[in-house]
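>>> Below is the sequence, then the predicted model.
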Amino acid sequence: ARPLKLIRFPKPQKYSLGYLAEFAIRNMTQRGFSIIDNFCKKCDPRKILEDVKRLQDTGVFKDGRLSGGRTSGDASKQKTELALRGDKITWLHGNEDEYPHIKLLVDSIDSLVAKFNLFSQGQFVIGGRTKIMATCYPGGGSGYIRHVDNPNEDGRHVTCLFYLNENWDVKKSGGLLRIFPNEEDYVDVEPIMNRLLLFWSDMRNPHEVQPAFSTRYAITTWYYDKSEREKAKMDKLREEISTLKDDMVALEVEKRQAE
Ligand SMILES: O=C(O)CCC(=O)Nc1cc2ccccc2cn1
Ligand SMILES: [Mn+2]
C-alpha cells in the first residue's frame, strides 16, 4: 500500500454551504472521501468538546466493543482487545438543549449534507440520518480494527466524522484514521480539532483507527440514502413477519399436542 497525498482544503474564506457541498461531493466522487478543515464558523469547537466532556461526565459512554465483538475478560488479551475496538460511545439526538454547541454543530452538518442532493445527479437522495454518536478513545492503545461502516446496505450512505482534538500530534499519540479507498492506496487522516471528514459508508471505504495514546474525541453521524433505507426497513419487516409466522405455526403445533 502506498500513501495517497492528502488534498488539503484551500484556506477557508467565507465559503457558501453550496460551494462546500459541491466541493465535498466532487472530492467524494473522485476519491471516496472529503475533508473540510475549520468547518465550524459559527461556533467555537472547544465549546463542542466541553459539551462532549460534560456528556461523558454523566457516565453514559459505553464500551463500543460490547455492542460489537465480545470481550474475553482475560487481562493478557486486553491490550489486543483495546486495539481492536477500544472506543467508548454514546448516542444522542443532537438537539438536546443541555448540549447547545453539539446542537449547533449537528445543525450545520445537517445543512451542509442537505445540499448534497443538489449535486448528486440523482445517484442518491439523502433523506434523514442516524442519531449522533459521540466517541472517546481513552488512549492506552485503544483503536478500531479495519471495518466497513455499512457492508450490507442498511441505508447509510455518507459517514460524517467531526474531530475535536486540539494540538493532536500523531507521532506522540497515534490515533490516525486510515482509509483504504482502493486496494493499493491508503489515506491517513489526522483527527484534528474542527476537521469534518466525509466518506461513502459502504464497501468503498474500509477504514481503521490506529492505536491512540492520548484521549481522542469525535462526533459521528450517518446520512441515509432514501431508497436504500426504505428497502432495508422493508426487508427487516418481511423478516419479522416470517419469524412471527414461524412462531404461530409452533404455537399451533403445541396447542394440537396439548389437546
Ligand atoms: O474515529 C474515527 O476516526 C472513526 C472511527 C470509526 O470508524 N467508528 C465507528 C464506530 C461504529 C460504531 C457502531 C457501529 C459502526 C461503527 C463504525 N465505525
Ligand atoms: Mn467506521
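Thanks, I have it. Predicted model only: the values in this text are computed from it and were never measured. Ligands and ions are numbered 1, 2, ... in the order given.
>>> What about residue 130, how many residues nearby?
17 (other Cβ atoms under 10 Å). All C-beta atoms are positioned from the backbone trio N, CA, C, and that covers glycine.
>>> what helix or strand does the nearest residue to it once chain neighbours are set aside sit in?
In space, and not counting its chain neighbours, residue 130 is closest to residue 222: 4.5 Å by Cβ to Cβ, 6 or more residues apart in numbering. Here residue 222 sits within strand 216-225, counting by DSSP states H and E.
>>> Likewise for residue 199?
Residue 199 belongs to strand 195-200, assigned by DSSP H and E.
>>> got it, and residue 123?
Here residue 123 is assigned to no helix or strand, by DSSP H and E.
>>> what's the answer for residue 237, then?
helix 226-258.
>>> mean confidence for the next helix or strand after the strand holding residue 199?
Remark: after strand 195-200, the chain's next helix or strand is strand 207-212, criterion DSSP H and E. Strand 207-212 shows a mean pLDDT of 97.
>>> And the contacts of strand 207-212?
If you take Cβ atoms under 8 Å, 6 or more residues apart in numbering as the criterion, strand 207-212 is touched by 82-83, 86-87, 137, 139, 141-149, 173-180, 199, 216.
>>> Considering only those, which also neighbour ligand 1?
The subset of the contacts of strand 207-212 within reach of ligand 1, counting by Cβ under 6 Å from any ligand atom, consists of 144, 149, 177.
>>> Among those, name the ones in strands.
Judged by DSSP state E, those include 144, 177 as members of strands.
>>> Only the buried subset of the ones next to ligand 1 among the contacts of strand 207-212, as a PyMOL command please.
Selection of buried members from these for PyMOL, criterion 16 or more other Cβ atoms under 10 Å:
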select buried, resi 144+149+177
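>>> Spatially, and excluding backbone neighbours, which residue is closest to residue 151.
Residue 151 sits nearest to residue 203 (Cβ to Cβ, 6+ apart), 6.2 Å away.
>>> residue contacts, residue 177?
161, 188-189, 191, 197, 207-210.
>>> which bits of this protein sit near ligand 1?
64, 135, 144, 149, 161, 177, 191, 207, 209, 218.
>>> could these be laid out in TSV, adding distance to residue 97?
Output for those, formatted as TSV (distance: Cβ to Cβ, whole Å):
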residue	distance to residue 97
64	26
135	22
144	31
149	29
161	24
177	31
191	27
207	33
209	31
218	22
